[in-house]
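Asks: Dropping a prediction and its sequence here:
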Amino acid sequence: MAVYHRTKRLKIYGKKPEVTQLFGGRYAITVRCQAKNDTEAWYDKNKDQIFADFGTLYDAHMAVDGIDARTGESYTDMVLTGVKAGYTQTGEYVITFDYETLTSSFVQEAADKVDQELNGLRRVKRRLIAKDGTSYGKTVGTTTISHSAIGYSTATLTLASAISGNKSPDESGFVRITETWLESGVLSRSINEGKGGTGTGKIRTETVEAFNQIPASTINGVEIGVSTSNVEGIDTIRKTFVSSSGEIRRTDRPGPSSIPGTTYVTIDSVGTAVTPTGTLIDSSETQENGYVRFSRTALQGTIIKQTQSYKDVAFVDVPGEVSIVTNAADFSQISSSTSSSASGKTVVIESIPPRKQQTAATVTVNIQDSIPDTTELAFDISSISCSVLKINSSSSGKVGRAVTLVDSVGATSTEVGSGSSFGVNSSVSEYRGHFIKNSGATAILSGSVSRQPYLNGGAIEFQSAKSGSQTKAFGFGNDESDKNQLYKTSGIIKRSVRPVLTAQDGTVFYEVTTVSSTGISDPLTGLPIGRELET
């Protein structure tokens with residue numbers, strides 16, 4: 001007698017269904033059937049009536065000609081998970097139904113796979129299965145289990161991942177989840193010993209990856225990076241640490257040429273800035289491979305000091321002199337007439353111009369952090385000057401015509417006319433860089449220019465016409481006493497300043513060059529010792 005499965009259109013092929021015991025008390029049943037009609041056209045037309053829906057129970061009716069299961073074949077929770085069809089070696093077209101025991105609760109499908117391949121931490125892979133649509137209520141990273149197995153002690157494990165899937169294309173009606181449970185701890189740790197540069201210091205970089213635990217450094221490093229990663233589907237925390245003594249490189253180089261005896265020292269460090277002793281000149285911070293590199297440069301050695309001192313020759317200014325003198329006038333070459341004569345003096349202004357002179361000097365070069373005040377300079381003639389006022393006055397006489405008068409008795413008398421003129425002019429001359437030697441002088445020039453004869457009562461008489469001039473010169477301004485006060489022959493001749501270094505805090509260091517005179521004078525001239533230059 002023919003036996004049918006779920007519909008009168010499907011006859012069981014063979015003697016009976018095949019039963020397989022699964023892990024955890026579950027079962028699998030395989031049922032092979034032949035269709036009512038074995039023509040290909042019939043299969044194609046009626047395929048919806050001979051293939052059951054995935055997830056339906058073993059004893060459920062088919063949509064067409066459905067029948068109850070035979071007595072004793074109503075298996076509990078036997079769910080359809082796969083259907084396939086094909087020809088046997090003898091040419092029969094057979095339809096195969098696969099069933100498994102499934103419920104709306106996840107059960108373990110296979111034995112746990114236990115290992116300690118992750119840095120000695122216990123890892124358990126567990127495969128679960130349930131009827132399709134079953135809710136999964138565990139939380140990755142939170143849900144824990146207490147696990148023990150043969151050869152393993154009891155340990156608390158945390159759910160690291162839960163991955164659904166692992167179905168073949170012709171399977172359905174169930175959901176399969178692969179769980180990974182992991183013991184909390186460090187999954188991996190690596191330490192890299194790397195040189196920090198050309199110096200002797202080293203940077204130690206440690207990368208620690210941990211599951212369900214905050215990674216900690218074993219090299220007392222400074223945390224420079226943190227990230228989440230994934231190891232075989234397990235979300236982990238990865239931290240990177242850098243450790244060193246702080247200083248990873250030290251370089252020395254000569255300081256500025258203007259400050260001999262000094263050295264630039266640069267220290268590179270990580271984790272914290274290391275500042276060399278001395279005057280801080282420069283600092284910087286750079287991001288490098290996920291961490292901060294500090295660089296500090298200081299100038300070591302004495303900065304504020306005298307760097308040079310030597311003897312030299314300096315060219316200095318000597319002030320000019322102005323003198324007002326009078327000289328006797330000699331007019332013998334001008335006139336030899338007996339009828340005219342002249343005598344007197346003239347005013348002469350004598351000027352010795354300013355000149356250059358060499359003098360022994362001391363040159364000192366100092367480094368200091370301020371610009372020195374220079375209130376006065378030696379051999380400075382810029383504030384010395386004088387002027388001369390010259391006044392010229394003159395008078396000129398002349399003889400007029402002779403006039404003869406006759407009185408009533410016939411007596412005669414003669415008179416001669418005369419006249420004169422007067423003039424004055426002045427001028428001022430300025431002498432910069434000069435001092436006045438005396439205050440002034442006066443010169444008078446006078447004489448008889450002509451005599452005019454005439455008859456007076458039968459006698460010859462003469463009428464004279466005189467002329468003359470006067471010159472006065474007055475000096476004013478700086479005299480020799482002033483010169484002695486204003487003109488210094490010892491002290492600073494000249495000074496120059498230039499910046500040579502700026503510190504990190506803004507302090508500026510200057511190179512100050514000073515040329516000075518000791519004020520030693522020639523005992524004969526009273527001037528500083530040296531050779532006077534031609535002007």
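Replies: Perfect, I can see it now. Numbering: from 1, shown residues only.
Asks: could you give the mean pLDDT of the longest helix along the chain?
Replies: Counting by DSSP state H, the longest helix found in the chain is helix 40-50. Across helix 40-50, the average pLDDT comes to 74.
Asks: for it, which positions count as buried?
Replies: By neighbour count on 16 or more other Cβ atoms under 10 Å, the buried set for helix 40-50 is 43, 49, 50. From N, CA and C alone the C-beta is placed, and that goes for glycine too.
Asks: for stretch 64-77, same thing?
Replies: Neighbour-count burial for stretch 64-77 [16+ other Cβ under 10 Å]: 69, 73, 75.
Asks: what do you get for stretch 460-473?
Replies: Buried, per 16+ other Cβ under 10 Å, within stretch 460-473: 463, 465, 466, 467, 468, 469, 470, 471, 472, 473.
Asks: Tell me the first helix or strand C-terminal of the helix or strand harbouring the last one.
Replies: Taking DSSP states H and E as the criterion, the element that holds residue 473 is strand 459-477. Once strand 459-477 ends, the next helix or strand along the chain (criterion: DSSP H and E) is helix 480-486.
Asks: Return the distance of the very next helix or strand once past that next one from the chain's centre.
Replies: Downstream of helix 480-486, the next assigned helix or strand under DSSP H and E is strand 491-502. Relative to its chain's centre, strand 491-502 lies at 29 Å (Cα atoms, centre = their mean, to the nearest Å).
Asks: what lines up beside the very next helix or strand once past strand 491-502 in the sheet?
Replies: Following strand 491-502 in sequence order, the next helix or strand is strand 508-517 (DSSP H and E). Under the criterion DSSP bridges, strand 508-517 sits next to strand 355-368 (antiparallel), strand 491-502 (antiparallel) in its sheet.
Asks: about what we covered before: return the list of strands paired to the strand holding residue 473, each annotated with direction.
Replies: strand 385-406 (antiparallel), strand 440-456 (antiparallel).
Asks: Can you tell me the closest non-neighbouring residue to residue 377?
Replies: residue 492 (5.6 Å; Cβ to Cβ, 6 or more residues apart in numbering).
Asks: Okay, strands next: where are they in the stretch 151-300 of the chain?
Replies: Using DSSP state E, counting those that start in this stretch, the strands of the stretch 151-300 of the chain run over residues 152-164, 174-183, 185-195, 202-211, 222-231, 234-243, 247-254, 263-270, 279-288, 291-300.
Asks: closest to residue 57 out of those?
Replies: strand 174-183 (12.9 Å; Cβ to Cβ).
Asks: What residue in this protein is the furthest from its centre?
Replies: Distance from the centre of the chain peaks at residue 409, with 126.1 Å (Cα atoms, centre = their mean).
Asks: For that residue, list the residues it contacts.
Replies: Residues near residue 409 by Cβ atoms under 8 Å, 6 or more residues apart in numbering: none.
Asks: Pretty sure it sits in a helix.
Replies: No. Under DSSP: H, G, I helix; E, B strand; the rest coil, residue 409 falls outside any helix and is assigned coil.
Asks: quick one: pLDDT of it?
Replies: 76.
Asks: roughly how far apart are it and residue 403?
Replies: Residue 409 sits 19 Å away from residue 403, going by Cβ to Cβ, to the nearest Å.
Asks: again, but for residue 487
Replies: From residue 487 to residue 403 the distance is 68 Å (Cβ to Cβ).
Asks: Of the two, give the one with the bigger neighbour count.
Replies: residue 487 (19 against 11; other Cβ atoms under 10 Å).
Asks: Next, the contact list for that one, please.
Replies: 319, 379, 380, 381, 384.
Asks: Backbone dihedrals for the closest residue in space to the second one that isn't next to it in sequence, please?
Replies: Setting aside the residues directly before and after it, residue 379 is nearest to residue 316 in space (Cβ to Cβ, 6+ apart), at 3.7 Å. Dihedral angles of residue 316 (phi, psi; degrees, to the nearest 10) stand at phi -120, psi 160.
Asks: and the gap between residue 316 and residue 269?
Replies: For residue 316, the distance to residue 269 (Cβ to Cβ) stands at 56 Å.
Asks: ok, now residue 98?
Replies: To residue 269, residue 98 is 69 Å away according to Cβ to Cβ.
Asks: okay, those two: which has more neighbours?
Replies: residue 269 (23 against 19).
Asks: Tell me the spacing between the more buried one and residue 295.
Replies: Counting by Cβ to Cβ, the gap from residue 269 to residue 295 is 8 Å.
Asks: can you check residue 282 too?
Replies: 8 Å.
Asks: more crowded one of the two?
Replies: residue 295 (17 against 14).
Asks: Return the residues in contact with residue 495.
Replies: So residue 495 contacts 372, 374, 512, 513, 514, 515 (Cβ under 8 Å, 6+ apart).
Asks: To clarify, my last question referred to residue 418.
Replies: Residue 418 touches 397, 398, 399, 400, 463, 465, counting by Cβ under 8 Å, 6+ apart.
Asks: Can you classify it by secondary structure?
Replies: Applying three-state DSSP: residue 418 is strand.
Asks: what's the neighbour count on residue 328?
Replies: Residue 328 has 9 nearby residues by other Cβ under 10 Å.
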